[in-house]
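Engineer: need a 3D model of the sequence below.
(2 chains)
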Amino acid sequence: MSKFSKKVMVLAVAALWGAGAALAAKYEGLGRPATPAEIKAWDIDVRPDFVGLPAGKGTAEQGEQIWLQKCAMCHGDFAESNQVFTTLVGGTTQEDIKTGRVKALQDGSVPQRTTLMKVPTVSTLWDYIHRAMPWTSPKSLSSDEVYALVAYLLNLAEIIPADFELNEKTIKEVQNRMPNRNGMTWDHGMWPWGPGLKGGGIGNGGKPDVQGSNCMKDCKKEVVIASNLPEYAWDAHGNLKEQNRVFGPVRGKEISEASVKEAETAAGKQQSMLDLAKAKGCTACHGVDKAIVGPAYKDVAAKYRQRPDAVDYLAQKIKNGGSGVRGNVPMPPHPGLSNEETRSLAQWILAGASAQ
Amino acid sequence: MIDDLRQRIGLIRKAPENFLTPEEIQGIKASSAVPIPAWSGPTLLCLPCNIPTGCSLARMTRTIPMELVESGEVIVAYGRNGEMIRPENGYPLRLVVPGVQGVSWVKWLRRVEVGDKPYGTKDEAVHYIDLMPDGTHRQYTSVQEVKSVITTPSGGQILLDKGFYNITGLAWSGRGKIVRVDVSTDGGINWRQARLEQPVLPKALTRFNIDWVWDGKPAILQSRAMDETGHIQPSYGQLRKVRGTRSIYHNNAIQSWLIKEDGEVSNVQVL
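Structural biologist: This is a model prediction of the structure:
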């Protein structure tokens, strides 16, 4: 048996930068053994069973102050931001806290998965905030600050009240309120090592859940293409022409910035016309298909389509307003619209004012 | 490492899920995104218990199965392709965990701890978990299942003319050796067995090729690999039937390249 006989897991830890050398006593002159103090300083991992968790305490009220100073710039005041990183809090309910299963993961009612919808173990929050946050100065937080920050996140998700003292003892109760604590399964084929789930380990012994076919001839009646990589994504990494050889039987596709911009602008223009109409308040009075206060866009189009100067006429009407053409309610002027916008809107209305 | 790369790309510009980006194909072509290089270093078993290093910032952590370590396959690498590992690849030391997704190949390795329970680290409890149709997540999904991709012709390329082509690509499996690759040029209706190029090593990229005469009509190229355990690469339809469309990681479905009459090759998903 090996020297690790009864142990089953190895934790590997990365440093962003490392200096120094591996050593053992037999490698004379190479480094020196790590001191117990050094090992203790580095041994900061906290396991789901709370092995490694330092003592300390904090409340959400305390956490909020630290959060606003050190975390909110990336994660938002209420951990709601989806700008720099994906949202941390949201999508969990009181019912989830009872069952330990996040219902939104089953019915897909929340389109994006937040951290608290996924994380099954409160230890993970503590461990990661402690080892890696804030991004600008990892491991600068004291244990009490980490407890307070974890409490703040848990409070935002209404897992604990604002004055709840999170400490090395109460955190165990909190584990029993984690909304997705029962949401993980280890019953799969992608951990093919060790005794498996039945023997107290992980996995089903390595049995794959999906098997392909070895059919060679007439394997299906038709080929169904489910989706294409959209044009806008082709340029994600520059001009493919420049990344392919200029000899041999194939070349790379020309994806110049100009051609991509043109496609994006065209798509953007089309998509934004209805949005523009909404943003400028037009749709408060005009429906596409039915009159509200003003006439429906389709009726406007029908009336003016034949006019050779229809675009200019409508653009002018949008800009300067008017009255008496249809009924008694005047159309107010819209001086805030640029000439380009009024002409685009006029063209769009005359073309049928489609939602696309 | 493909997962790893995808995630970093995703921060910059999110391509639709489950699509290989042209860059990834380029990466696979250049063999820099998947683990083919020659790594040098002792197995993890040989090391003294603790490896002192200097100061550190973020400390990414992963749980590695002890059985794999005891097999001697997991090495602590200091060299790659005959030179010191480069900084972006983990200098001075990185873990090499054959058959396992790249995110477990911890770079800038500073500490190894042996324990009797999994650690539930951030990347094991929030990321790299696979959402199933019933709303559960699979946790500790580590092994890379059998997969292949045709690298020439591939998305973003243009075939200059009809006529002879040598279709070539790469196959791999975290469960062992590749024993067979089949190629289809009609979207999976009919298949022919491709040639495997040497060397064929377990848990390593295996190059395959097959001759093809393009008649100038639209075609869909696919490859389908089988490993020594008998596991065959599934279609998207087969994969989604079991895992749905939200599992994201461990997508080992058959990759399809659509060739249009003008020779342009694009990335499509065929069920």
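Engineer: hmm, residue A:342 is touching residue A:320, no?
Structural biologist: No - the criterion here is CB atoms under 8 Å, and residue A:342 misses it with residue A:320 at 9.5 Å. Just so you know, the C-beta spots here come from the backbone N, C-alpha and C atoms, and that holds for glycine as well.
Engineer: more neighbours, those two?
Structural biologist: The residue with more neighbours, out of residue A:342 and residue A:320, is residue A:342; 21 against 13, by other CB atoms under 10 Å in any protein chain shown.
Engineer: what sits against the more buried one?
Structural biologist: Applying CB atoms under 8 Å, 6 or more residues apart in numbering or on different chains, we find residue A:342 in contact with A:314-316, A:318-319, A:334.
Engineer: with neighbour count and pLDDT added, can I get the residues you listed in a markdown table?
Structural biologist: Listed next are these as a markdown table, based on neighbours: other CB atoms under 10 Å in any protein chain shown; pLDDT from 0 to 100:
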| residue | neighbour count | pLDDT |
| --- | --- | --- |
| A:314 | 22 | 88 |
| A:315 | 22 | 88 |
| A:316 | 16 | 86 |
| A:318 | 22 | 86 |
| A:319 | 19 | 83 |
| A:334 | 17 | 78 |
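Engineer: looking at these, which are in helices?
Structural biologist: A:314-316, A:318-319 (DSSP state H).
Engineer: wait, which of these is closest to residue A:121?
Structural biologist: residue A:318 (58.1 Å; CB to CB).
Engineer: just the element for the nearest residue to the closest one once chain neighbours are set aside, please.
Structural biologist: Nearest residue to residue A:318, sequence neighbours excluded (CB to CB, 6 or more residues apart in numbering or on different chains): residue A:342, at 4.6 Å. Counting by DSSP states H and E, the element that carries residue A:342 is helix A:339-350.
Engineer: just the buried positions in that helix, please.
Structural biologist: A:341-346, A:348-350 (16 or more other CB atoms under 10 Å in any protein chain shown).
Engineer: burial of the closest residue to residue A:234 other than its chain neighbours, as a residue count?
Structural biologist: Nearest residue to residue A:234, sequence neighbours excluded (CB to CB, 6+ apart): residue A:255, at 5.6 Å. Here the count is done by other CB under 10 Å, and residue A:255 has 20 residues near it.
Engineer: is the helix or strand hosting residue B:265 positioned near chain A?
Structural biologist: Residue B:265 belongs to strand B:265-270 when assigned by DSSP H and E. Yes - interface with chain A: strand B:265-270 contributes B:265-270 (CB under 8 Å from any CB of the partner chain).
Engineer: chain center to that strand: distance?
Structural biologist: Mean-position distance between strand B:265-270 and its chain equals 19 Å (CA atoms, centre = their mean, to the nearest Å).
Engineer: partner strands of it, with direction?
Structural biologist: strand A:225-228 (antiparallel), strand B:256-259 (antiparallel) (DSSP bridges).
Engineer: format those strands as CSV; extra columns: distance to residue B:188.
Structural biologist: CSV is the format used below for the strands paired with strand B:265-270 (distance: least, CB to CB, whole Å):
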stretch, distance to residue B:188
strand A:225-228, 11
strand B:256-259, 8
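Engineer: which stretch in those has the least confidence?
Structural biologist: Among the strands paired with strand B:265-270, strand A:225-228 has the lowest mean pLDDT, at a mean of 90.
Engineer: export the contacts of residue A:342 as TSV, with columns for distance to residue B:150.
Structural biologist: As requested, these are exported to TSV (distance: CB to CB, whole Å):
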residue	distance to residue B:150
A:314	53
A:315	52
A:316	58
A:318	53
A:319	56
A:334	55
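Engineer: could you measure residue B:135 against residue A:179, distance?
Structural biologist: 12 Å (CB to CB, to the nearest Å).
Engineer: of these two, who's got more company?
Structural biologist: residue A:179 (30 against 18).
Engineer: contact partners for the more buried one?
Structural biologist: Residue A:179 neighbours (CB under 8 Å, 6+ apart): A:92-93, A:96-97, A:100-102, A:116-117, A:157, A:159.
Engineer: try it again at 10 Å.
Structural biologist: A:91-105, A:116-120, A:154, A:157-159 (CB atoms under 10 Å, 6 or more residues apart in numbering or on different chains).
Engineer: worst-scoring helix or strand of chain A, pLDDT-wise?
Structural biologist: helix A:257-279 (a mean of 66; mean pLDDT, DSSP states H and E).
Engineer: can you give me the neighbour number for residue 172?
Structural biologist: Since you didn't name a chain, this refers to chain A. Using other CB under 10 Å, residue A:172 has 14 neighbouring residues.
Engineer: meant chain B, my bad for not saying
Structural biologist: 26.
Engineer: circling back: so which of the buried residues of helix A:339-350 is the closest to residue A:210?
Structural biologist: Checking the buried residues of helix A:339-350 one by one against residue A:210 (CB to CB), the nearest turns out to be residue A:348, at 47.3 Å.
Engineer: now do the closest residue to that closest one other than its chain neighbours against chain B, distance only.
Structural biologist: Leaving aside its sequence neighbours, residue A:348 sits nearest to residue A:273 (CB to CB, 6+ apart; 4.2 Å). Distance, residue A:273 to chain B, using CB to the nearest CB, to the nearest Å: 25 Å.
Engineer: who's in contact with the residue nearest to residue B:125 when sequence neighbours are not counted?
Structural biologist: Nearest non-adjacent residue to residue B:125, counting by CB to CB, 6+ apart: residue A:124, 4.2 Å away. Residue A:124 is in contact with A:46-48, A:115, A:118, A:178, B:119-126, counting by CB under 10 Å, 6+ apart.
Engineer: any chance of those in TSV with pLDDT as columns?
Structural biologist: Listed next are those as TSV, based on pLDDT from 0 to 100:
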residue	pLDDT
A:46	95
A:47	94
A:48	96
A:115	98
A:118	98
A:178	98
B:119	92
B:120	94
B:121	93
B:122	93
B:123	91
B:124	94
B:125	96
B:126	96
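Engineer: show me what the biggest strand by length in chain A is packed up against.
Structural biologist: What stands out as the longest strand in chain A, according to DSSP state E, is strand A:9-14. Applying 3 or more CB pairs under 10 Å, 6 or more residues apart in numbering or on different chains; DSSP states H and E, one finds that strand A:9-14 makes contact with strand B:61-65, helix B:66-70, strand B:94-96, strand B:109-115.
Engineer: give me the buried positions along the second one.
Structural biologist: Which is helix B:66-70. B:66-70.
Engineer: the residue positioned nearest the centre of chain A: what secondary structure?
Structural biologist: Centroid-nearest residue in chain A: residue A:86, 3.9 Å away (criterion: CA atoms, centre = their mean). What DSSP: H, G, I helix; E, B strand; the rest coil gives for residue A:86 is coil.
Engineer: is stretch A:185-196 anywhere near chain B?
Structural biologist: Yes - using CB under 10 Å from any CB of the partner chain, stretch A:185-196 reaches chain B at A:185-195.
Engineer: right, I mislabeled it, should have said stretch A:144-162
Structural biologist: No - counting by CB under 10 Å from any CB, chain B has no neighbours in stretch A:144-162; the shortest distance is 12.4 Å.
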